[in-house]
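S.K.: My questions concern the predicted model and sequence given below.
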Amino acid sequence: MADNTRMKEIYAELKKNAEAIETVSTTLTGQIDRLELGGNAQMLRMEEIQRSNETQFAQLNANIAQLLQRSSPSPTSSHGGRNSVNDQPRSSFQVRSVKLDFPRFDGKNVMDWIFKAEQFFDYYATPDCERLLIASIHLDHDVVPWYQMIQKTNPFLTWSALTRALELDFGPSAYDCPRATLFKLQQSGSVNDYYMQFTSLVNRVDGLSFDAILDCFISGLQDEISRDVKAMEPKNLSKAVSLAKLFEEKYTANKTKLSSTPAKNYIPPSSSNYKTQTTTPKIDNSPKSTLPPLLPTPAIKPFNIKNQNIKRISPAEIQLRREKNLCYFCDEKFSPAHRCPNRQVMLLQLANEDDSQSDTTMVTEEEPIMEEDTHHLSFNAMRGSHGVGTIRFTGQIGSLQVKILVDGGSS
């Protein structure tokens, strides 16, 4: 009995749970249905808005096309006859926020002009039938009669035909090989000028890889710049150009410093005899300062003025002093213990006999020397004593009598 009762209770609980689950499932199904209905309604509303917008845009484009067609001028005949492409229907430009001016062509830089013209046509999505007319309006100088001649003999039908004719008549020679010129190009001026020539040639060469272009640019640089750029291992052309300009500034600065540094005149020493050549002194015309010097100028005797303190003894005077047993340099008696009060420095001079055979000449530039009159007074003249080699006598200057002292060592 107890087991049957327990089984009935479990069955009753399971039944309740199943009923609850069924109720929840019914509720979720209803909510999903409502969401699907709302989503469908929103999708329908979005589709209606999109169709409305498309209709409005189409009407707006039609109105703009009508306005442009009304404002476009009627086709006129040219001097070379009516163009065969003028009779074809023309479509209007697309409306752009930026207004561009079509470039004019005067016969120079035809490749650049063709590039700019094609960029203009691509920007405004210009059809090929209108490109010839627009280009012919912007021709100048000698290109105008050339275009008129072609239109009379063999008119252009497409834009590509016009560009090919322009390249043949106004572009580089058909026998010119830009690839060979590019490989032989070397830097002769600045890095910027070399880079402009390099890019001009690269634009005319097709099929070159990126590594080949980079190696060609580096190899054409000057030797010292090329070595430094290779050491940095640039990965792209712009990096190589920047490094080349940087090293160019470095070498230019070094050359400027070397040129601004004054060169020192160095004369190597030689064992042969020297000859002194005196050059004409330069006269300084700059204004001299009137301010007193900070320190007194030392009294340095010029080298070209003979030293008056040098006393030369002749052989006769030496013999005379030996006979009288007198000192060579003073008037005292000579003895082994004698100490001369007049100290002297011995000088030995040698006569050079082979000056004319000297191959090396040393040129020295001496500063201008202002000769000054120097007055000297000998020891005997100051003391008034008589000695060997001195003579005193009375002379007369005009009506004035004077005492005259002649000293052999002072004159």
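M.R.: Received, thanks.

S.K.: avg pLDDT for the strand or helix carrying T55?
M.R.: Using DSSP states H and E, T55 maps to helix 2-71. For helix 2-71, mean pLDDT rounds to 81.

S.K.: can you check stretch 318-334 too?
M.R.: Here the average pLDDT along stretch 318-334 is 83.

S.K.: just use 39 as the starting number from now, easier for me
M.R.: Got it, first residue is 39 now, which makes that one stretch 356-372.

S.K.: Buried residues, it. List them.
M.R.: By 16 or more other CB atoms under 10 Å, the buried positions in stretch 356-372 come out as 359, 364-365, 372. No exception for glycine: its C-beta is placed from N, CA and C like everyone else's.

S.K.: and of those, the nearest to S280?
M.R.: C365 (87.2 Å; CB to CB).

S.K.: so of the buried residues of stretch 356-372, which ones are in helices?
M.R.: Judged by DSSP state H, those include R359 as members of helices.

S.K.: domains of this structure?
M.R.: 39-103, 148-208, 216-295 (the TED database).

S.K.: Can you get me the start-to-end distance on the shortest one?
M.R.: Separation of the first and last residues of domain 148-208 by CA to CA, to the nearest Å is 6 Å.

S.K.: For L388, report the pLDDT, please.
M.R.: 66.

S.K.: And L281, by the same measure?
M.R.: Per-residue pLDDT puts L281 at 90.

S.K.: On the three-state scheme, it is what?
M.R.: Look at L281: counting by DSSP: H, G, I helix; E, B strand; the rest coil, its state is helix.

S.K.: got a list of what it touches?
M.R.: 266-267, 270, 272 (CB atoms under 8 Å, 6 or more residues apart in numbering).

S.K.: How much space separates it from K273?
M.R.: Going from L281 to K273 by CB to CB, to the nearest Å gives 11 Å.

S.K.: can you redo the buried residues of stretch 356-372 as CSV with distance to K277?
M.R.: Formatted as CSV, those follow (distance: CB to CB, whole Å):
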residue, distance to K277
R359, 93
L364, 95
C365, 90
F372, 93
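
S.K.: Which one of the buried residues of stretch 356-372 is nearest to P141?
M.R.: So of those, ranked by how close each gets to P141 (CB to CB), first place is C365, at 109.0 Å.

S.K.: Looks like the closest one contacts S373 (just checking).
M.R.: No: taking contacts as CB atoms under 8 Å, C365 lies outside contact range of S373: 9.2 Å.

S.K.: what about the strands in this protein?
M.R.: Under the criterion DSSP state E, strands of the chain are mapped to 428-435, 438-445.

S.K.: Those: which one's closest to E57?
M.R.: strand 438-445 (159.4 Å).

S.K.: for the closest one, packing partners?
M.R.: Packed against strand 438-445 by the contact rule (3 or more CB pairs under 8 Å, 6 or more residues apart in numbering; DSSP states H and E) you find helix 417-421, strand 428-435.

S.K.: angle of the last one against strand 438-445?
M.R.: Using axes from the mean of the first three to the mean of the last three CA atoms, to 10 degrees, one finds that strand 428-435 and strand 438-445 are set 160 degrees apart in direction.

S.K.: other SSEs contacting strand 428-435?
M.R.: strand 438-445.

S.K.: Can you give me the buried ones in the strand it packs on?
M.R.: D445.

S.K.: Pairing partners for that strand, with directions?
M.R.: Next to strand 438-445 in the sheet, as set by DSSP bridges, lie strand 428-435 (antiparallel).

S.K.: got any ranges where the stretch 139-288 of the chain has weak pLDDT?
M.R.: Along the stretch 139-288 of the chain, segments meeting pLDDT under 70 span 211-214.
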